[in-house]
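Asks: Task: produce atomic coordinates for the following.
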Amino acid sequence: MNDPSGLSQAAGTPAEGYVYGMPAHADRRAAVEEVHARPHLLTQSPRSLLQLSFMTEGDMSRDRAAIDDLSGRMGAAVEDHTTPHHALTWNEGDLHCEKHTEFSSYLWSAPLSSETGEPCGDNPFRQGFKPPGPVISAVSVRLLPWTAEAEKEIDCFDPVSRCYSLVENGAAAIVTDFRQDEEGLTHMLILDRDLTPARAGALAQRLLEVETYRTLALLALPLTRSMTSNLRRMEARLAAITEEMRRASGGRRDSDVLLSDLTSLAAELEADAAANLYRFGASRAYYEIVEERLDALAEDQVAGYSTWADFLYRRIAPAMRTCQSVKERQGKLSDKLTRSISLLRSWIDVELERQNRDLLASMNERAKVQLRLQQTVEGLSVAAISYYVVSLLAYLLKGLPGTHDIAATVTAILVPAVLLLIWWIVRRIRHAHGDSAVEDKA
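Replies: So this is what the prediction gives:
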């Protein structure tokens, strides 16, 4: 058959960037392979699973160094570091590494010795293992055939917090007490009555994720304790400021000081909220994963024992509600600060408007005074100009032949006429300037 894309490919290997001979979407490969990014183990009893999870803060170089070191020590080939999942196999054991947003999990799976009951092969977490970050979760799971001898191991768990239930429609039982041993490991037991390797691997994966994600979900709890004291202090400070606002009588200066205090308090609150936003969001997301995994277990209760879901909901749910209440309290305090700042700004705006009103009134008063001064100067100007004009006319009359005797009389007659003329001219000039000012404003 002819290859429609013009590219010869081996059976079952799609051409890079093509689907059925046609160009594929750039992100299609990542989307379709996501469902295979973290496959379940295929495992059978008796088996030991030991998973350690490390906080890496998304730094892939830490995982790369740890995996390279492991592959060198255990003599296992390393895969592409860009994939989210790595599998290393040696002798009788294998190790699986999963990279997540802020942590990575390393799962060692090995068969149990029929003689000692201990895992076979070399433990990769011994012999100088270099962790990629601080440990956040450590879980040991033993997968055993459901026998009378295996049932005796149930008594090894703390009866106060022992959780024992049936899963997989009675094909298996799961037991834990969520306690940590002297090495910090949480122990779990799976009794296998009739599980396929795929179902056993999926069940073990769910149990491991329940412990890992419930620990991650509760990382926000210590943070809430420090935040509670800070919120209490901020709330007390806000109450004191609002009381000062109620009694304030110092005008604009007091308002500026109060506004500065409020904005400083708001900035501090927002800085805390921004710093803790990711932790609260991540904790909520992790808790939802825990809920999903517990629901997927579909537990059947064993008389006299708590199920995993009942035990964890009773203890995790109140802690998560505490985290949520602190987050809501932080949001309400932010709203109160916003309203207080808005109210104080309104007071400042009113004070500014009052000051502007007083300033305009003062300016109007000064304008009236200037007008009166102008009118006074205008009258004096008319008198002065008229005096000079009449003086000039008197000198003119005295200089004309035959007018010496009547010069004084004519000058006296001209005085009123000159005054009226000069007054009229000054008024015309003033009116002309007034009209020009009106036109400029228009």
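
Asks: Strands of the stretch 151-300 of the chain, start to end?
Replies: Secondary structure of the stretch 151-300 of the chain (DSSP state E, counting those that start in this stretch): strands at 163-167, 172-180, 186-192, 300-301.

Asks: Nearest approach to Arg247 belongs to which of those?
Replies: strand 172-180 (54.6 Å; CB to CB). Where C-beta positions appear, they are placed from N, C-alpha and C, glycine not excepted.

Asks: ok, and what's touching that closest one?
Replies: 138, 146, 153-154, 157-158, 160-167, 186-195, 200, 203, 207, 211, 297, 299, 302, 308, 311-312 (CB atoms under 8 Å, 6 or more residues apart in numbering).

Asks: filter those to the buried ones?
Replies: 138, 146, 154, 157, 162-167, 186-192, 195, 200, 203, 207, 211, 297, 299, 308, 311-312 (16 or more other CB atoms under 10 Å).

Asks: re earlier: the strands of the stretch 151-300 of the chain: which one's closest to Phe280?
Replies: Here strand 172-180 is closest among the strands of the stretch 151-300 of the chain (CB to CB), at 23.5 Å.

Asks: What is the stretch of helix or strand Arg329 belongs to packed up against?
Replies: Arg329 belongs to helix 308-399 when assigned by DSSP states H and E. Under the contact criterion of 3 or more CB pairs under 8 Å, 6 or more residues apart in numbering; DSSP states H and E, helix 308-399 touches strand 163-167, strand 172-180, helix 197-217, helix 220-247, helix 252-297, helix 407-441.

Asks: possible to save the ones you listed as a markdown table with mean pLDDT and distance to Gln51?
Replies: What follows is the helices and strands packed on helix 308-399, written out as a markdown table (pLDDT from 0 to 100; distance: least, CB to CB, whole Å):
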| stretch | mean pLDDT | distance to Gln51 |
| --- | --- | --- |
| strand 163-167 | 93 | 18 |
| strand 172-180 | 93 | 14 |
| helix 197-217 | 92 | 5 |
| helix 220-247 | 82 | 22 |
| helix 252-297 | 83 | 14 |
| helix 407-441 | 72 | 83 |
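
Asks: So for Leu112, which of these sits nearest?
Replies: Across the helices and strands packed on helix 308-399, Leu112 has its closest neighbour in helix 197-217 (13.6 Å, CB to CB).

Asks: Tell me how far the closest one lies from the chain's centre.
Replies: 29 Å (CA atoms, centre = their mean, to the nearest Å).

Asks: Count residues in the vicinity of Ala432, would you?
Replies: Burial of Ala432 is recorded as 9 neighbouring residues (other CB atoms under 10 Å).

Asks: Tell me which of the helices and strands packed on helix 308-399 sits nearest to Val390.
Replies: The nearest among the helices and strands packed on helix 308-399, by CB to CB, is helix 407-441 at 5.3 Å.

Asks: May I see the buried residues of the longest strand seen in the chain?
Replies: In the chain, taking DSSP state E as the definition, the longest strand is strand 135-145. Using 16+ other CB under 10 Å as the test for burial, strand 135-145 gives 136-144.
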